[in-house]
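Take this sequence and fold it.
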Amino acid sequence: MENTRTLKDKILLIVKGLAMGAANRVPGVSGGVIAFVAGFYEEFIFSLQRINGKAFKFIFSGHFKSFSQYINGRFLGLLILGMMISYFSVSKILDYFIQHYKLYVWAAFFGMILGSIYYVGKGFKHWNRRTIISLLVGAGIGISISLMNPAMENDHLGFVFICGIISVSGMTLSGLSGSFILILLENYVLLLVDSVNALYDTISEIVQGNFEFTSNPERIHDLKVLGVFTAGSAVGLVTLSHLLNYVLKHFKHITTAVIIGFISGSLGVIWPWKEEGCKMDEAGNKLLDSNGREIIENYKRFAPDFVSSETWTAVFFIFFGITIVLALDWYGK
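So this is what the prediction gives:
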């Protein structure tokens, strides 16, 4: 399989990795959808499942070539290369737009979530008592999360490792966005924007011969967070591929129904029109996190003002987000 790939095939794999990496960063679109649409989902899952005890025996015995052939290493390596390139580029773009056009970013995300509900639900024809109950359970969990006060950003390394495992769920389970889960956990910006940008800036400084970052405790901390998050993602990528195989084999319809309900019930979290209540100190000053952003304590959601041109621009981005997911569905056909 590995030796028959042409240069064109290898370049296309990197491009697919770019698309997959970008999708994993955007709530509502999962990398699994990209893999499914682009026609390499089964090979991707199969390759991940080959990272098992036998594969590690090849490593420990020094048979690295056999290890690579056994796990389809060239295929996985080229995909991961594309994802890494994508992570840096998308991170910088997201950072800019979140800071300057927050309403439009969340509007586009909201549209993508709506599109993903349609994508997952359109072909589901297995409604019965068990799946309807599963749908309601998922929706109940999602609504409960929507009504809760936002969680505080948590940079504890143990929690970051768990977030890494969760974040790759969208790569192995088509229709569930790992980035969306990170938003619910309030760690999206920390893990998929700040920490990645910290590594990008660090590499840029090293290339320029500047090593001042070594005396910057915030930069070092962000790099530690990224390292632990990456380790968690690697563990999740391998373990979830095995778990996915079992779950989809035995509980496919129930799992799909829970996902549809959960995503639908959680839409309130992504609602673009909300006022953010900032945490204050005793003197009445807004508290900031380590990156200079206000710490959000609660949300007050409100209906959009359709007299405002800003509202109509946000509505456009909602439809733009829906269109992205529908375009993927169309391309898949």
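
Pretty sure Phe75 sits against Leu13.
Yes - counting by CB atoms under 8 Å, Phe75 touches Leu13, with 6.7 Å between them. Bear in mind the C-beta positions are built from the backbone N, C-alpha and C, glycine included.

Look up how far Val193 lies from the residue nearest the centre of the chain.
Of all residues in the chain, the one closest to the mean position by CA atoms, centre = their mean is Ser179, 2.8 Å from it. Using CB to CB, to the nearest Å, Ser179 is found at 11 Å from Val193.

ditto for Phe306
Using CB to CB, we find Phe306 at a distance of 31 Å from Val193.

which of those two has more neighbours?
More crowded of Phe306 and Val193, by other CB atoms under 10 Å: Val193, with 21 against 9.

coming back round to it: do I have it right that the residue nearest to the centre of the chain meets Arg25?
Yes - here Ser179 reaches Arg25: they are 5.9 Å apart, a contact under CB under 8 Å.

Overlap in contacts, the two.
Both Ser179 and Arg25 are contacted by Leu192, under the criterion CB atoms under 8 Å, 6 or more residues apart in numbering.

Any regions of the stretch 151-300 of the chain where pLDDT drops low?
Low-confidence segments of the stretch 151-300 of the chain (pLDDT under 70): 151-152, 170-177, 241, 245, 248, 276-299.

can you pull out the helices in it?
Assigned by DSSP state H, counting those that start in this stretch, the stretch 151-300 of the chain shows helices spanning 157-167, 169-172, 178-184, 188-189, 195-207, 217-265, 267-270.

Which one of the ones you listed lies nearest to Ile59?
Closest to Ile59 of the helices of the stretch 151-300 of the chain, according to CB to CB: helix 217-265, at 13.5 Å.

how distant is that closest one from the center of its chain?
9 Å (CA atoms, centre = their mean, to the nearest Å).

Equivalent analysis for stretch 193-210, please.
Centroid separation between stretch 193-210 and its chain, computed with CA atoms, centre = their mean, is 22 Å.

Could I get the buried residue list for it?
For stretch 193-210, burial by neighbour count (16 or more other CB atoms under 10 Å) applies to 193-200, 202, 205.

re the thing from before, I'd like to know which of the helices of the stretch 151-300 of the chain lies nearest to Tyr96.
Per CB to CB, nearest to Tyr96 of those: helix 195-207, 10.3 Å.

quick one: that closest one to helix 217-265, angle?
Relative orientation of helix 195-207 and helix 217-265, computed by axes from the mean of the first three to the mean of the last three CA atoms, to 10 degrees: 150 degrees.

So which residues make contact with helix 195-207?
With CB under 8 Å, 6+ apart as the criterion, helix 195-207 contacts 87-88, 91-92, 95, 211-213, 219, 222-223, 225-226, 229.

can you rerun that using 10 Å?
25, 84, 87-92, 94-95, 155, 160, 187, 189, 210-214, 216, 218-230, 291 (CB atoms under 10 Å, 6 or more residues apart in numbering).

Pull out the buried members of those.
By 16+ other CB under 10 Å, the contacts of helix 195-207 give 25, 87, 90-91, 94-95, 155, 160, 187, 189, 213, 219, 222-223, 225-226, 228-230 as buried.
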